[in-house]
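K.L.:
Here you go, sequence then predicted model.
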Amino acid sequence: MGEMNFNEDDKKKFLEFLNTIAKTAQFSMNTVDIISYFKLLQYMQLTLLPKIDANILEVKRVVNIPEEEKEQPKVKGKK
């Protein structure tokens, strides 16, 4: 896969980044900034993360089909 495609490591690093910010970052914000911060965090978790997940282009497993299954197509509903 290409260098510009998402992979599982990218997703893990993105999650690690979000969790680090959420757990350890300290900000001095007013109420409007806090609301904006949580809206951005929610967007990252609910919108951007599923998009990353849906666009991971990695081969995880190759399954070889036995020859006898390849040769005999299964037909349902015919008598």
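P.N.:
Received, thanks.

K.L.:
Contact partners for Leu48?
P.N.:
Phe14 (Cβ atoms under 8 Å, 6 or more residues apart in numbering). Every residue, glycine included, has its C-beta placed from N, CA and C.

K.L.:
now it: how far from Gln26?
P.N.:
Separation of Leu48 from Gln26 (Cβ to Cβ, to the nearest Å): 24 Å.

K.L.:
same thing with Leu40?
P.N.:
17 Å.

K.L.:
Which of these two has more residues huddled nearby?
P.N.:
Neighbour totals were compared for Leu40 and Gln26, and Leu40 leads with 12 against 4 (other Cβ atoms under 10 Å).

K.L.:
show me where the protein has helices.
P.N.:
Assigned by DSSP state H, the helices in the chain fall at 8-24, 31-43, 49-54, 67-71.

K.L.:
Pick out the shakiest of these, pLDDT-wise.
P.N.:
Lowest mean pLDDT of the helices of the chain: helix 67-71, a mean of 72.

K.L.:
Contacts only, for the residue nearest the centre of the chain.
P.N.:
Centroid-nearest residue in the chain: Asp53, 1.8 Å away (criterion: Cα atoms, centre = their mean). Contact analysis of Asp53 by Cβ under 8 Å, 6+ apart lists Lys11.

K.L.:
Could you rerun that using 10 Å?
P.N.:
Taking Cβ atoms under 10 Å, 6 or more residues apart in numbering, we find Asp53 in contact with Phe6, Glu8, Lys11, Phe14.

K.L.:
how much space is there between it and Leu41?
P.N.:
Counting by Cβ to Cβ, the gap from Asp53 to Leu41 is 17 Å.

K.L.:
same deal with Asp10?
P.N.:
Remark: distance between Asp10 and Leu41 (Cβ to Cβ) = 19 Å.

K.L.:
before we move on, the earlier item: out of the helices of the chain, flag the one nearest Arg61.
P.N.:
helix 8-24 (12.8 Å; Cβ to Cβ).

K.L.:
Could you find the closest non-adjacent residue to Ile34?
P.N.:
In space, and not counting its chain neighbours, Ile34 is closest to Phe27: 8.0 Å by Cβ to Cβ, 6 or more residues apart in numbering.
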